[in-house]
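> predicted coordinates and the sequence they were generated for:
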Amino acid sequence: MAGRAMDQLSPTLASGFSRYFEAFADRTRALVDDLSDDEFWTKPYPYGNSVGHLLLHVTGNLNYYIGARIANTGYVRDRDREFTDTSRRSREVVLADLEKAVAVVVRTIKSQRDEDWVRTYEAAGVDDNTRFSIVLRCAQHFHHHLGQIIYLVNEHKRQRQPALEY
């Protein structure tokens, strides 16, 4: 029985992680659907980031840590630009890039065999030492920024409301 359970470990991990990454991308699209392009790139608070810059960051994170370092896509990351890019690409282009990164992540996850999950992993800026741990960290990172996006979108919606007069 133990051997049989081990045979199911990789598909179970791949299925679970894939569902989360795809659900995070779907939730992101639904959240930003109501934002104008200006709101997408504007910080609603005097600190922090815009939704657009957070999505550039999440996309860069996935493309580097899983795409380049596991799938060998050749992606070269410019992390600083993820937060400073002034091109203000359309929301649709940024979302399409995120969805492409998620597709690479899902394909990569689904291609892992049992022995791949525990393979040594190295990348700049992380101390994770297995593929399993970096995939888990990337899922957590995406979810963390999704939470921030929820607050930013809600604040943009709040700011649209006319001020109440007393």
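Okay, I see it.

> can you name the next helix or strand after the one helix or strand residue 26 maps to?
When elements are assigned from DSSP states H and E, residue 26 belongs to helix 9-32. Using DSSP H and E, the helix or strand that follows helix 9-32 in sequence is helix 37-41.

> identify the residues contacting that following helix?
With contact meaning CB atoms under 8 Å, 6 or more residues apart in numbering, helix 37-41 is reached by 32, 50, 51, 52, 53, 88, 90, 91, 94, 156. Where you see a C-beta, it was placed from the backbone N, CA and C, and this is true even at glycine.

> could you identify the most distant pair in these?
Within these, 90 and 156 form the most distant pair, 16.9 Å apart (CB to CB).

> higher neighbour count, these two?
Neighbour comparison, residue 90 and residue 156: the larger count goes to residue 156, with 21 against 11 (by other CB atoms under 10 Å).

> just the buried positions in the helix or strand harbouring that one, please.
Per DSSP H and E, residue 156 falls inside helix 131-160. The neighbour-count check on helix 131-160 (16 or more other CB atoms under 10 Å) flags 131-132, 134-135, 137-139, 141-142, 145-146, 149, 152-153, 156 as buried.

> stretch 95-108 now?
95, 97, 98, 99, 101, 102, 104, 105, 106, 108.

> swap in stretch 11-20?
Residues of stretch 11-20 classed as buried by neighbour count (16+ other CB under 10 Å): 13, 14, 17, 18, 20.

> packing partners of the helix holding residue 26?
helix 51-62, helix 91-110, helix 114-117, helix 131-160 (3 or more CB pairs under 8 Å, 6 or more residues apart in numbering; DSSP states H and E).

> need the contact partners of it.
40, 51, 55, 62, 91, 95, 98-99, 102, 105-106, 109-110, 112-114, 116-117, 132, 135-136, 139, 142-143, 146, 149-150, 153.

> check stretch 139-146 too.
Among residues not part of stretch 139-146, those counted as contacts by CB under 8 Å, 6+ apart are 17, 20, 21, 24, 27, 28, 31, 54, 57, 58, 61, 62.

> same check on stretch 84-99?
Counting by CB under 8 Å, 6+ apart, 25, 28-29, 32, 35, 37, 40-41, 52-53, 55-56, 58-59, 62 sit against stretch 84-99.
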